[in-house]
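Undergrad: Pasting the sequence and the predicted coordinates here, then a few questions.
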Amino acid sequence: MAPESATRLSDRAASLPGPDVLAAFEAAKGFMPRDEGLALYAAAAQAARLGLPLLEVGTYCGRSTVLLAAAARDAGVTAVTVDHHRGSEEQQPGWEYHDPELVDAELVDPETAVAPMDTLPTFRRTLFKAGLEDHVVALVGRSPQVARLWQAPLGLVFVDGGHTDEHATADYEGWAPHVADGGLLVVHDVFPDPADGGQAPYRIYRRAMDSGAFAEVSVTRSLRVLRRTGAGL
Ligand SMILES: C[S@@+](CC[C@H](N)C(=O)[O-])C[C@H]1O[C@@H](n2cnc3c(N)ncnc32)[C@H](O)[C@@H]1O
């Protein structure tokens, strides 16, 4: 085989997660379909070559974190994931995406019989089972509060937190400035047509594109990968 095509093949292999990683991703609770997961992994594997941390907003139960962690491990960098672990609006009891297995029954309110969500234990089990604990730093807190403390450049920022305008805008303004030159900004749940889903992630995606600081690299369903090509927000 010619050296050039051998390189292309190994590049393609490097942008696919191993079968154990894919199995851990698929076994984890979460909402991301396989094709978006593969696109996220490919972006993370590429961004990790910058030698900088990869950061996720919106850990939930660790489904997407597994992919970032595997890419980070393979490149010798660290994945950082931020979540308050109390769930987004649509995951609260009575809402469409609520999972009754993810509540802290010890904290049930005697008057309302409602218990708060706690996805942290499930997330920890996901990472442990995947054998990826050593490659992840999990920050438990509100994204804007954590972002205010953050100073280091990042190879990749994956925005998959709260889906209101308030949360999505705070995630963009808090984390996008840390994406290094040549690094990637990945936004989940981008729906140009309001009939397909909420518009807040689409609005931050448009803002990034209109800033002139980012160029689109790939589109997989609702997952958009952008590269920083210039300064700004
Ligand atoms: C859609 S889920 C993330 C799914 C996950 N990335 C996956 O692929 O499985 C959104 C998560 O964002 C978290 N979240 C929402 N708003 C947040 C905020 N302001 N700060 C920190 N976490 C937040 C919620 O607790 C929830 O776990």
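TA: Perfect, thanks for sending it.

Undergrad: which bits of the chain sit near the ligand?
TA: When proximity is defined as C-beta under 6 Å from any ligand atom, the chain approaches the ligand at 30-32, 58-60, 63-64, 82-88, 119, 142-143, 160-162, 167. C-beta here means a position set from N, CA and C on the backbone, and glycine is covered the same way.

Undergrad: now those residues: which count as buried?
TA: Neighbour-count burial (16 or more other C-beta atoms under 10 Å) applied to the residues of the chain next to the ligand gives 30, 32, 58-60, 63-64, 82-85, 87-88, 119, 142-143, 160-162, 167.

Undergrad: what about F191, neighbour count?
TA: 16 (other C-beta atoms under 10 Å).

Undergrad: Now it. Nearest residue, chain neighbours left out?
TA: G197 (3.8 Å; C-beta to C-beta, 6 or more residues apart in numbering).

Undergrad: what sits against the one you found?
TA: 189, 191, 222 (C-beta atoms under 8 Å, 6 or more residues apart in numbering).

Undergrad: could you dump these to CSV with pLDDT?
TA: Formatted as CSV, the contacts of G197 follow (pLDDT from 0 to 100):
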residue, pLDDT
D189, 98
F191, 98
S222, 98
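
Undergrad: now, which of these sits nearest the ligand?
TA: Lowest distance from the ligand to those (C-beta to the nearest ligand atom) belongs to D189, with 7.5 Å.

Undergrad: From the opening residue of stretch 120-138 to its closing one, how far?
TA: 9 Å (C-alpha to C-alpha, to the nearest Å).

Undergrad: roughly how far out does that stretch sit from the chain middle?
TA: Put simply, stretch 120-138 sits 14 Å off its chain's centre (C-alpha atoms, centre = their mean, to the nearest Å).

Undergrad: Over to stretch 97-106?
TA: So, by C-alpha atoms, centre = their mean, the centroid of stretch 97-106 is 22 Å from its chain's centroid.

Undergrad: For it, buried residues please.
TA: Neighbour counts over stretch 97-106 (16+ other C-beta under 10 Å) mark 102-103 as buried.

Undergrad: What are the contacting residues of that stretch?
TA: Residues contacting stretch 97-106 (C-beta under 8 Å, 6+ apart): 29, 31, 61, 87-88, 90-93, 115-119, 122.

Undergrad: Any of those residues buried? List them.
TA: 29, 61, 87-88, 91-92, 115-119, 122.

Undergrad: about what we covered before: turn the contacts of G197 into JSON lines, including secondary structure.
TA: Putting the contacts of G197 into JSON lines (DSSP: H, G, I helix; E, B strand; the rest coil) gives the following:
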{"residue": "D189", "secondary structure": "coil"}
{"residue": "F191", "secondary structure": "coil"}
{"residue": "S222", "secondary structure": "coil"}
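
Undergrad: Please work out the average pLDDT along the longest strand anywhere in the chain.
TA: Criterion DSSP state E: the longest strand present in the chain is strand 179-187. Confidence over strand 179-187 (mean pLDDT, whole number) is 98.

Undergrad: Stretch 73-85: end-to-end distance?
TA: End-to-end for stretch 73-85, by C-alpha to C-alpha: 24 Å.

Undergrad: so how far is it off the chain centroid?
TA: 9 Å.

Undergrad: ok, G155 - contacts?
TA: So G155 contacts 47-54, 77, 180, 183-184 (C-beta under 8 Å, 6+ apart).

Undergrad: and it, helix, strand or coil?
TA: strand.
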